[in-house]
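Trainee: predicted model and sequence below, questions to follow.
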Amino acid sequence: MPAQQLTERSKDRIVAHMGLPANSSTAALMKKVDDGGLDVEFKGGNATSGHVTTRQWITVGVLVYVNLINYMDRLTIAGILEDVKKEFNANNAMGGLLQTAFIVSYMIFAPLFGYLGDRYSRKAIMAAGVFLW
């Protein structure tokens, strides 16, 4: 079976990557088994009950709000570029440079904070980002 062959070939690479420091996301979802492989382990409440707690709703609300602010923030420069150019008497080249600098900052910081989010507390990183924003 091709799927089994793929699993066998990639098992060694997956286990080799387990040298990363454990964090709450991988520790809760994956566990090592005796034969050296990985097994899925979901830790959480009773998924069949269908009951969502108030804390879970608040968490979803905060994440939706932060995501909304993130997208609004990305589109702000494009929406007000003509006003900025008029206010600072800038030409099209300067407006393009401003947008490029804005997008390049996203290009640099997104992988950096993705890396940090995989290894450290996402709550602390997100709280610091919202605070600085």
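Mentor: Structure received.
Trainee: what residues are up against S105?
Mentor: S105 makes no contacts at all, as judged by Cβ atoms under 8 Å, 6 or more residues apart in numbering. For every residue, glycine as well, the C-beta is placed using N, CA and C.
Trainee: state the next helix or strand along the chain beyond the helix or strand hosting L112.
Mentor: In this assignment (DSSP states H and E), L112 forms part of helix 92-119. Downstream of helix 92-119, the next assigned helix or strand under DSSP H and E is helix 122-132.
Trainee: report all helices and strands that that next one contacts.
Mentor: When contacts are defined as 3 or more Cβ pairs under 8 Å, 6 or more residues apart in numbering; DSSP states H and E, helix 122-132 packs onto helix 92-119.
Trainee: quick one: mean pLDDT for the helix holding L112?
Mentor: Average pLDDT, helix 92-119: 90.
Trainee: list the buried ones in that helix?
Mentor: By neighbour count on 16 or more other Cβ atoms under 10 Å, the buried set for helix 92-119 is G95, L98.
Trainee: what angle do the host helix or strand of L63 and helix 92-119 make?
Mentor: Following DSSP H and E, one finds L63 within helix 54-87. Here helix 54-87 runs at an angle of 160 degrees relative to helix 92-119 (axes from the mean of the first three to the mean of the last three Cα atoms, to 10 degrees).
Trainee: quick one on the thing from earlier: what angle do the helix holding L112 and helix 122-132 make?
Mentor: Here the directions of helix 92-119 and helix 122-132 differ by 150 degrees (the same axes, to 10 degrees).
Trainee: least confident secondary structure element in the chain?
Mentor: helix 24-29 (a mean of 49; mean pLDDT, DSSP states H and E).
Trainee: wait, what's in contact with M126?
Mentor: Shown in contact with M126 (Cβ under 8 Å, 6+ apart): V66.
Trainee: roughly how far does it sit from L116?
Mentor: Separation of M126 from L116 (Cβ to Cβ, to the nearest Å) stands at 11 Å.
Trainee: cool, and I108?
Mentor: Applying Cβ to Cβ, the value for I108 to L116 is 13 Å.
Trainee: now T59
Mentor: From T59 across to L116, the span is 20 Å (Cβ to Cβ).
Trainee: also E87?
Mentor: The gap separating E87 from L116 is 35 Å, by Cβ to Cβ.
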